[in-house]
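# Sequence first, predicted model second:
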Amino acid sequence: MKYGRGFAEKNVRRMIQFSKVFNDFEIVSTLSAELSWSHFIEVIPLDNKEKRLFYLQKASEEKWSVRALRKQIERKAFERKEIAQVQIKNYLPNAESTFKDPYFLDFLGLKEGYLENDLEAAILKEIELFILELGVGFAFVERQKRMIIDGEDFYLDLLFYHRKLKRLVAIELKLGKFKASYKGQMELYLKWLQKHEQQEGEEQPIGLILCAEKSNEQIELLEMGKNGIMVAEYWTDLPPKEKLEKKLHYLLKEAKARIKNNLLK
């Protein structure tokens with residue numbers, strides 16, 4: 001197959017861009033063992049080194065194809081990871097890169113006016129895609145985990161195990177805004193799991209509360225991360241790219257302001 005002059009010039013331009021952007025030979029050498037040239041080309045337009053490195057490392061760890069990498073960039077995986085870190089950075093440092101905020105559950109196809117059990121049923125129907133959105137390392141354990149406490153039945157929506165963290169991960173699904181009462185409910189579930197389900201060699205269980213809308217000040221005041229609990233929004237429809245960028249920019253700005261305020265206290 002013959003390629004024209006334009007193709008050759010384009011490749012030369014890419015090589016020049018590559019040499020300017022990726023000037024750390026050791027990092028490039030390590031990642032190139034797992035990734036293709038096309039993976040590197042995909043991240044060149046990104047606006048900073050930290051972001052480029054994040055996507056390449058995740059692509060290597062999670063075996064993303066070039067198409068999957070492009071989709072994660074479009075869905076702002078880097079920004080969502082940064083927003084999620086604000087809650088847990090001082091309490092669960094080994095879990096910083098595990099969670100996101102918000103989670104995109106746009107594959108569920110839920111109609112307006114759905115109920116919590118509709119959300120749960122939709123997630124179970126699309127469990128493979130849900131685990132992909134959660135990230136590498138998650139394994140599904142059980143739905144509606146029954147817990148008997150003082151003779152009363154309690155049910156946890158979803159229970160997962162994270163292989164790398166060596167922890168059970170309890171997930172509760174909530175419609176509407178976050179409520180302070182959700183914290184006590186999740187703490188109870190985590191204590192029960194620690195007592196009855198935690199195996200030798202495992203770390204303490206952690207919880208993820210997925211809400212349609214977060215209440216940032218309540219979450220900050222309750223210091224959820226101290227108890228191994230994270231709260232994140234879920235979006236059942238992926239907004240247009242411009243709206244998504246604007247929303248994530250606002251959330252990231254707000255999150256960084258909270259970190260700065262905490263450091264000044």
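That came in fine, so what should we check first?

# so what's Pro102 closest to, chain neighbours aside?
Glu233 (3.8 Å; Cβ to Cβ, 6 or more residues apart in numbering). Any C-beta I mention is one placed from the backbone N, CA and C, and that applies to glycine too.

# Tell me the bridge partners for the one you found.
As for beta bridges, Glu233 partners with Cys211 under DSSP bridges.

# domains of the chain?
Following automatic domain parsing, the chain resolves into domains at 5-74, 77-264.

# Next up, the contacts around Val231.
Gln87, Phe178, Tyr182, Leu208, Ile209, Cys211, Lys214, Ile219, Met224 (Cβ atoms under 8 Å, 6 or more residues apart in numbering).

# Could you rerun that using 6 Å?
Phe178, Ile209, Lys214, Ile219, Met224 (Cβ atoms under 6 Å, 6 or more residues apart in numbering).

# Turn those into CSV, columns for secondary structure and pLDDT.
Compiled in CSV, the contacts of Val231 are given as follows (DSSP: H, G, I helix; E, B strand; the rest coil; pLDDT from 0 to 100):
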residue, secondary structure, pLDDT
Phe178, coil, 95
Ile209, strand, 97
Lys214, coil, 90
Ile219, helix, 87
Met224, helix, 86
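
# re the thing from before, buried deepest among the domains of the chain, which one?
domain 77-264 (a mean of 16; mean count of other Cβ atoms under 10 Å).

# distance between that domain and the chain's centre?
9 Å (Cα atoms, centre = their mean, to the nearest Å).

# circling back: distance of the residue nearest to Pro102 from Ser60?
For Glu233, the distance to Ser60 (Cβ to Cβ, to the nearest Å) stands at 28 Å.

# tell me which element the nearest residue to Ile219 once chain neighbours are set aside is part of?
Setting aside the residues directly before and after it, Ile219 is nearest to Val231 in space (Cβ to Cβ, 6+ apart), at 5.2 Å. Assigned by DSSP states H and E, Val231 falls within strand 229-235.

# can you pull the pLDDT of Met1?
Note for Met1: predicted pLDDT of 45.

# now swap in Lys226 and tell me
Lys226 is given a pLDDT of 86.

# Against Ala84, how distant is the nearest residue to it once chain neighbours are set aside?
Once flanking residues are discounted, Lys226 sits nearest to Tyr91: 5.3 Å by Cβ to Cβ, 6+ apart. Going from Tyr91 to Ala84 by Cβ to Cβ gives 13 Å.

# Give me the secondary structure label for the residue nearest to Lys226.
Three-state assignment for Tyr91 (DSSP: H, G, I helix; E, B strand; the rest coil): coil.

# wait, what's in contact with Glu220?
Here Glu220 is in contact with no residue (Cβ under 6 Å, 6+ apart).
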